[in-house]
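**Student:** got a structure for you, letters missing:
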């Protein structure tokens, strides 16, 4: 039997099937959410996995904090594209001093006045209200 290459981590998390559901640590009231790998997101978007990693680096897309950019919520995609107003919303919150964990928590925190979460509101085309609230939080 051949030894594993040096770059192969023997303690890495096991590979999971597409559409894996994970519990996002720190997200208030979250049950399991469906997540995708960068390769799976690339398939949905019709781009390379490197392009998806670039979107993550540029904060135009977010991965679950603590997943090492390896699990991206399926809720961030709609009709074969990244949610239209998600990159701008992430920028507003990051510019307001929010950490990645705080941005992710805010996006998935249930709000009875929306109703639902800010991500649900973005998916339902209520981006103006969500962006207004994010701008108010930033100052």
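**Tutor:** All right, it came through fine. The shown structure was predicted, so the numbers you read here are calculated from the model rather than taken from an experiment.

**Student:** ok, so what distance separates residue 59 from residue 98?
**Tutor:** According to Cβ to Cβ, to the nearest Å, residue 59 stands 11 Å off from residue 98. The way it works is simple: take the backbone N, C-alpha and C, and place the C-beta from them, glycine included.

**Student:** So which of the two has more stuff around it?
**Tutor:** The residue with the greater number of neighbours, taking residue 59 and residue 98 and applying other Cβ atoms under 10 Å, is residue 98; the counts read 18 against 15.

**Student:** quick one: secondary structure of the closest residue to the more buried one other than its chain neighbours?
**Tutor:** Counting by Cβ to Cβ, 6 or more residues apart in numbering, residue 106 is the residue found nearest to residue 98 once chain neighbours are left out, at 6.9 Å. When the structure is reduced to helix, strand and coil (DSSP: H, G, I helix; E, B strand; the rest coil), residue 106 reads as helix.

**Student:** burial count for residue 106?
**Tutor:** Residue 106: 21 surrounding residues under other Cβ under 10 Å.

**Student:** mind listing what it touches?
**Tutor:** For residue 106, the set of contacting residues under the criterion of Cβ atoms under 8 Å, 6 or more residues apart in numbering consists of 93, 98, 118, 134, 137.

**Student:** Spell out the residue ranges of the strands in this structure.
**Tutor:** If DSSP state E is used as the criterion, the strands of the chain fall at 21-23, 32-36, 72-73, 77-78, 81-82.

**Student:** Show me what the third one is in contact with.
**Tutor:** Put plainly, it is strand 72-73. Strand 72-73 has contacts (Cβ under 8 Å, 6+ apart) with 24, 33-38, 41, 52, 56, 61-64, 108, 119.

**Student:** quick one: average confidence on the top helix by length along the chain?
**Tutor:** Using DSSP state H to assign secondary structure, the helix with the most residues in the chain is helix 127-138. Helix 127-138 carries an average pLDDT of 87.

**Student:** Return the list of helices and strands in contact with that helix.
**Tutor:** Under the contact definition 3 or more Cβ pairs under 8 Å, 6 or more residues apart in numbering; DSSP states H and E, helix 127-138 sits against helix 86-95, helix 118-123.
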